[in-house]
Each structure stands twice: as structure tokens, then as C-alpha cells.
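A.B. asks: Take this sequence and fold it.
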Amino acid sequence: QVQLVESGGGLVQAGGSLRLSCTASGRTFSSYGMGWFRQAPEKEREFVAAISRNGGITTYADSVKGRFTISKDNAKNAVYLQMNSLKPEDTAVYYCAGRGSPSYATATASTSYSYWGQGTQVTVSS
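C.D. replies: Numbers count the residues shown, from 1 in each chain. Next up, the predicted model:
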């Protein structure tokens, strides 16, 4: 069983930056592909970014490409989401997700992930 805990959310003005962190329990973090998803009020959960088990491959939603960066530190059992040039439409609860991955691919579907954090609120004011 893997437990994921997010942190780093908050209130920021449009154009600002935030860095989300997600730490994982367990000793097999290096074998997990990780992802970030978000859910705005009255909207479905959507994919934001994903990273392969070794950090060598990343995938982004078009809406965040060029503004957000996902990274993974297997030594610290952590995955990060650096968010720059934030927009009001980025406001949502952000979730960290993990999946046991035998390959070095990424996954964009929420159904591909077995483990989820509790979420952290990001609010971007205009």
C-alpha cells in the first residue's frame, strides 16, 4: 500500500507561481509512474501532468504546457509540480496519483492510477 500526501497549495495572484509537493510512503517509489490531476468545482477531474518511473519521460495537458513542470526525486520519495504564470482557470483541487509501472511510459487516464492523495487547493485570483 502506498500513501500519498500533497502540500504546497494556496492562494496566489494571476501570473504568480506555486510549487506542489507529493511525498510517498513505501520503499518502491522508484517503480511508480506519477501524475498530477485537478478538479475544479462542478467539473470532472482532469489530467495535468505525468512522469515516468525514472523521471525520463514527461507528458502535459495542452492547457499547462510551457507553464507547469513535473519532476520526480526517487531518493526523497517525492514528486513535484512547479506551476508558473498561473491563471484563474488553474483554480482547482490538485491531486497526486501513483501507479506501479513495469515500463518507462507515462499515463494520462485517471483510471491508470491506483493510489491517490487527499488533494491540495490551489486558488488563483485575477
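A.B. asks: For stretch 61-80, which outside residues touch it?
C.D. replies: In this structure, residues lying in contact with stretch 61-80 by C-beta atoms under 8 Å, 6 or more residues apart in numbering are 19-26, 29-30, 34, 36, 46-51, 54-55, 58, 60, 81-86, 89-90, 96, 108. C-beta coordinates here come from the backbone N, C-alpha and C atoms, glycine included.
A.B. asks: Report the buried residues of the host helix or strand of C22.
C.D. replies: Using DSSP states H and E, the element containing C22 is strand 18-24. Neighbour counts using 16 or more other C-beta atoms under 10 Å place L18, L20, S21, C22, T23, A24 of strand 18-24 among the buried residues.
A.B. asks: Format those as TSV; extra columns: distance to Q1 and pLDDT.
C.D. replies: What follows is the buried residues of strand 18-24, written out as TSV (distance: C-beta to C-beta, whole Å; pLDDT from 0 to 100):
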residue	distance to Q1	pLDDT
L18	29	98
L20	22	98
S21	20	98
C22	16	98
T23	15	97
A24	11	95
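A.B. asks: Only the buried members of the contacts of stretch 61-80: can you turn that into a ChimeraX selection?
C.D. replies: The ChimeraX command for the buried members of the contacts of stretch 61-80 (criterion: 16+ other C-beta under 10 Å) is given here:
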select :20,21,22,23,24,29,34,36,47,48,49,50,51,55,60,81,83,86,90,96
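A.B. asks: Counting only strands, which of the contacts of stretch 61-80 make the cut?
C.D. replies: Among the contacts of stretch 61-80, the ones falling in strands (DSSP state E) are 19-24, 34, 36, 46-51, 58, 60, 81-83, 96.
A.B. asks: A75: neighbouring residues, count only.
C.D. replies: Using other C-beta atoms under 10 Å, A75 has 7 neighbouring residues.
A.B. asks: give me phi/psi at it?
C.D. replies: phi -70, psi -30 (degrees, to the nearest 10).
A.B. asks: how much space between it and V2?
C.D. replies: A75 sits 17 Å away from V2, going by C-beta to C-beta, to the nearest Å.
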